[in-house]
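1. I would like to see how this sequence folds:
(one chain, ligands or ions: 1)
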Amino acid sequence: MKKLSDFNRIKLLPMVTPIQSLTRLSDYLGGPQIYVKRDDLNFIGEGGNKLRKLEFHIGEAKARGANVIIATGALQSNLARVTAAVALSQGFGCELILKSKVRRYDDDYQYNGNVLLDKILDVRTYNVSSDADMLKTVRRLEDKLRDAGKKPYIIPFGASDALGSLGYVSCANEIADQMREMDLRFDYVVLPNGSSGTHAGLLAGFKALDVDIDIKGYSVLDNDSVTADNTLELARDTLKLLDSRAKIGSSDVLVDDRCLGDGYGIPTRRMIETVRLVAEKEGLFLDPVYGGKAFAGLVSGIKMGKYRRNQKILYLMTGGVPGLYAYRKEFYSGSH
Ligand SMILES: Cc1ncc(COP(=O)(O)O)c(C=O)c1O
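-> Below is the predicted model:
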């Protein structure tokens with residue numbers, strides 16, 4: 001089996017991200033003990049889960065001699081913002097193709113949050129409509145940059161291919177070490193699942209280590225069957241990239257779409273209540289598109305008795321807080 005050090009990588013996280021216990025929230029919910037792993041910490045570009053994936057993609061871009069990075073996403077994409085920050089800080093140029101995926105046309109969504117940070121970074125952005133063919137749009141930009149004598153490197157959707165998922169193989173190794181140091185075993189790792197690379201990387205990482213732990217992804221982009229299929233395929237591709245002989249079956253992929261609501265980026269009442277609850281009990285902020293919905297799924301799972309009182313749950317905080325500023329009006333209505 002290959003080691004992570006066999007791949008091109010640049011370090012973007014200067015330390016192991018801490019795990020902390022959410023005692024007040026766990027007591028309030030009266031269910032299992034909840035812990036969080038702080039992958040939301042702001043090491044660079046407002047941080048978040050995409051940093052771990054970018055360690056491998058930007059490492060690969062450097063090895064290939066690229067000088068400009070192309071990233072894609074929704075208008076309020078966290079990946080686009082953090083890719084731009086990392087690319088610039090590593091001496092690359094960066095261009096973003098941002099799709100109008102969520103039908104929100106108010107000023108907060110159009111100009112605040114991640115869009116504001118992209119603007120401050122002053123990278124070139126191309127705004128395209130919801131029905132744009134992203135593959136063609138990316139190819140066109142790539143050709144244009146090559147014609148101008150540049151060497152582009154394209155970050156795949158969500159940075160979620162096998163290479164990007166290695167970032168979460170690394171995180172699985174970290175969690176396994178932390179469990180040993182803390183002398184405890186988590187029954188579940190719980191997280192949001194969008195383009196599935198984070199979930200797939202954790203799954204592949206724990207399988208490769210032969211650590212038996214359930215990974216539960218709350219899907220915030222697609223329904224549970226599409227998300228589970230993507231996650232399984234990607235986890236298998238990741239093991240293949242590692243030359244690992246570990247096996248992953250469909251029963252290993254736990255996905256729940258009950259927190260999705262009407263679709264990606266569309267707020268739900270439970271997301272708003274959960275963002276408020278976690279802030280009030282623990283002083284921690286979840287984002288409205290990923291963490292707010294996934295944690296809402298966890299809270300309702302606890303209320304439905306799906307997680308037992310004596311269990312220990314590790315919730316992966318994935319960042320995305322700039323998104324809150326794009327969803328200002330949801331948090332003003334109905335508050336004190
Ligand atoms: C803040 C945040 N959390 C979670 C995710 C989901 O990660 P993945 O796309 O690997 O499923 C994303 C992806 O965009 C994100 O920005």
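2. quick one: the helices in this structure?
-> Taking DSSP state H to define them, one finds helices in the chain at 23-29, 50-63, 78-89, 107-111, 114-121, 134-147, 162-182, 197-209, 224-241, 269-282, 291-303, 322-326, 328-332.
3. Using a markdown table, lay out those together with mean pLDDT, mean neighbour count and distance to the ligand.
-> All C-beta atoms are positioned from the backbone trio N, CA, C, and that covers glycine. Formatted as a markdown table, these follow (pLDDT from 0 to 100; neighbours: other CB atoms under 10 Å; distance: least, CB to the nearest ligand atom, whole Å):
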| stretch | mean pLDDT | mean neighbour count | distance to the ligand |
| --- | --- | --- | --- |
| helix 23-29 | 98 | 15 | 19 |
| helix 50-63 | 98 | 24 | 6 |
| helix 78-89 | 98 | 26 | 3 |
| helix 107-111 | 98 | 15 | 16 |
| helix 114-121 | 98 | 19 | 9 |
| helix 134-147 | 98 | 14 | 15 |
| helix 162-182 | 98 | 21 | 8 |
| helix 197-209 | 98 | 28 | 3 |
| helix 224-241 | 98 | 21 | 8 |
| helix 269-282 | 98 | 18 | 13 |
| helix 291-303 | 98 | 24 | 6 |
| helix 322-326 | 98 | 23 | 7 |
| helix 328-332 | 95 | 14 | 17 |
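4. export those to TSV and tack on distance to Q311?
-> Below are the helices of the chain laid out as TSV (distance: least, CB to CB, whole Å):
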stretch	distance to Q311
helix 23-29	11
helix 50-63	26
helix 78-89	30
helix 107-111	38
helix 114-121	35
helix 134-147	40
helix 162-182	14
helix 197-209	17
helix 224-241	22
helix 269-282	19
helix 291-303	10
helix 322-326	30
helix 328-332	31
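5. between those helices, which one is nearest to V16?
-> Closest approach to V16 among the helices of the chain (CB to CB): helix 162-182, 5.4 Å.
6. so what secondary structure elements neighbour the closest one?
-> Applying 3 or more CB pairs under 8 Å, 6 or more residues apart in numbering; DSSP states H and E, one finds that helix 162-182 contacts strand 19-21, strand 33-38, helix 50-63, helix 197-209, helix 224-241.
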